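1. Let's see this in three dimensions:
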Amino acid sequence: MFRNREVKYGCIVYGGAGVICGSAVFAESREGFAWFFAFFVAGFVTFLVGNSLRYRKIRNLSLYLKRVLNGERQLDIPDNVEGDLSILRNDIYKLVTRLETQAELLIADKKYLVDSLSDISHQLKTPMTSMMVMTDILRDESLPAKKREEFVKSIQSQLERMEWLLTSLLKMSKLDAGTIQFKKERVLMRELVKKATEHLLIPMELKNQTFTVDIPEDMSLICDFHWTAEAIANVVKNCMEHTPKGGRIAVYSETRGIYTQLVVEDDGEGIAPEDLPHIFERFYRGKNAGKDSVGIGLAMAKHILGIQKGQIEVASEPGAGTRFIFRLYHLVV
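-> Residues are numbered from 1 along each chain as shown. Now for the predicted structure:
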């Protein structure tokens, strides 16, 4: 305790003042000196004991921090006594708890990164292996021209799939990193849906699917036009892929209180009950997933809506179609 300067200086000042006052009292009366000496001893002991307890608590705090730095977890500082040191204890405990939470989140992020890299590797490995096999076959000069053309088209299809996957992963990484600034602008919903689905109209026509849009001309909402269109496109594309030839896909909207609701529904094969809780998970492929599905479109749609404080829900029954519901809030978005 005496290595602390404030204690040393306090003892010197306290002792010096005591000697001066004691000398003055001693000159007047021995009884007065006795009373002063008793008061001086009591004050001096109180000073030492108080500082001793205070610095003992500070040492305990220092030891606590050293234990935390050494990797101990689930540590607590049980102290409910009022005072500045108790406030300091509580603040240190809150800081340590927050750092521990951040450490756990960092470990979870690393695990997620490892899992994502594994999934990406798997998604890329399959088409690359297929293209390598077909490339070896194409080296055979005796291969018929028709078969050669078939393999070339297959390789082109695989390359397009890989390009889409890499583009989607790049978008997801930008969204995860928070490097994209979402705009808040008022847009017409019909224009939003038109932008989202214009590149899907030909594939729908080839499958003889009926696509209808029932949205009032003047209905609008506040959102980022391009990214919200991306989310809608991913959902409509999913519906198109899981709706048979001659099926129906419909998009309609309505305003409900504090949010605008956009619904995309189809009369396709539906989603199995055990797949419903997982369809918005990245790289998840359900029972009815197509052979070219990578399980990233719906995850991206949910992420885009989440950044804008919106929601996306799904309701489906096997064989009875699927309904996706977008909700964008007027007061929050």
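2. Strands of this protein, start to end?
-> Along the chain, counting by DSSP state E, strands occupy 185-188, 210-214, 220-223, 248-256, 259-266, 311-316, 322-329.
3. Mind putting those strands into CSV with mean neighbour count?
-> For glycine as for every other residue, the C-beta is placed from the backbone atoms N, C-alpha and C. Shown next, in CSV, are these (neighbours: other Cβ atoms under 10 Å):
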stretch, mean neighbour count
strand 185-188, 14
strand 210-214, 13
strand 220-223, 21
strand 248-256, 17
strand 259-266, 21
strand 311-316, 18
strand 322-329, 20
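4. any chance of the ones you listed in JSON lines, plus distance to residue 305 and mean pLDDT?
-> Shown next, in JSON lines, are the strands of the chain (distance: least, Cβ to Cβ, whole Å; pLDDT from 0 to 100):
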{"stretch": "strand 185-188", "distance to residue 305": "15", "mean pLDDT": "90"}
{"stretch": "strand 210-214", "distance to residue 305": "19", "mean pLDDT": "93"}
{"stretch": "strand 220-223", "distance to residue 305": "9", "mean pLDDT": "88"}
{"stretch": "strand 248-256", "distance to residue 305": "15", "mean pLDDT": "89"}
{"stretch": "strand 259-266", "distance to residue 305": "10", "mean pLDDT": "91"}
{"stretch": "strand 311-316", "distance to residue 305": "5", "mean pLDDT": "91"}
{"stretch": "strand 322-329", "distance to residue 305": "6", "mean pLDDT": "91"}
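5. okay, those strands in JSON lines with distance to residue 196 next?
-> Listed next are the strands of the chain as JSON lines, based on distance: least, Cβ to Cβ, whole Å:
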{"stretch": "strand 185-188", "distance to residue 196": "11"}
{"stretch": "strand 210-214", "distance to residue 196": "10"}
{"stretch": "strand 220-223", "distance to residue 196": "12"}
{"stretch": "strand 248-256", "distance to residue 196": "9"}
{"stretch": "strand 259-266", "distance to residue 196": "10"}
{"stretch": "strand 311-316", "distance to residue 196": "14"}
{"stretch": "strand 322-329", "distance to residue 196": "11"}
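6. Out of the ones you listed, which is closest to residue 111?
-> strand 311-316 (25.5 Å; Cβ to Cβ).
7. Against which helices or strands is the closest one packed?
-> For strand 311-316, the elements it packs on are helix 297-307, strand 322-329, judged by 3 or more Cβ pairs under 8 Å, 6 or more residues apart in numbering; DSSP states H and E.
8. For the stretch 151-300 of the chain, give me the ranges with low pLDDT.
-> 286-294 (pLDDT under 70).
9. do you know which of the strands of the chain lies nearest residue 204?
-> strand 210-214 (5.2 Å).
10. buried sites along stretch 270-287?
-> 270, 271, 275, 276, 279, 280, 282, 283, 284 (16 or more other Cβ atoms under 10 Å).
11. repeat for stretch 133-145
-> So stretch 133-145, judged by 16+ other Cβ under 10 Å, has buried residues residue 134.
12. Report the separation between residue 71 and residue 104.
-> Here residue 71 is placed at a distance of 13 Å from residue 104 (Cβ to Cβ, to the nearest Å).
13. quick check: longest helix of the chain.
-> helix 84-138 (DSSP state H).
14. Can you name every helix or strand that that one contacts?
-> In this structure, helix 84-138 makes packing contacts with helix 30-69, helix 145-177, judged by 3+ Cβ pairs under 8 Å, 6+ apart.
15. what's the angle from that helix to helix 145-177?
-> Taking axes from the mean of the first three to the mean of the last three Cα atoms, to 10 degrees, one finds helix 84-138 and helix 145-177 inclined to each other by 170 degrees.
16. Apart from its neighbours in sequence, what residue is nearest residue 124?
-> residue 162 (6.5 Å; Cβ to Cβ, 6 or more residues apart in numbering).
17. what sits against the residue nearest to residue 175 when sequence neighbours are not counted?
-> Distance criterion Cβ to Cβ, 6+ apart; nearest residue to residue 175, sequence neighbours excluded, is residue 303 at 5.4 Å. By Cβ atoms under 8 Å, 6 or more residues apart in numbering, residue 303 lies in contact with 172, 175, 176.
18. what number of residues lie near the first one?
-> In other words, residue 172. Using other Cβ atoms under 10 Å, residue 172 has 17 other residues around it.
19. Pretty sure it sits against residue 296.
-> Yes. Taking contacts as Cβ atoms under 8 Å, residue 172 lies within contact range of residue 296: 6.8 Å.
20. Which neighbours do those two have in common?
-> residue 282.
21. neighbours of residue 89, just the number please.
-> Under the criterion other Cβ under 10 Å, the count of neighbours that residue 89 has is 21.
22. Noted, bye for now.
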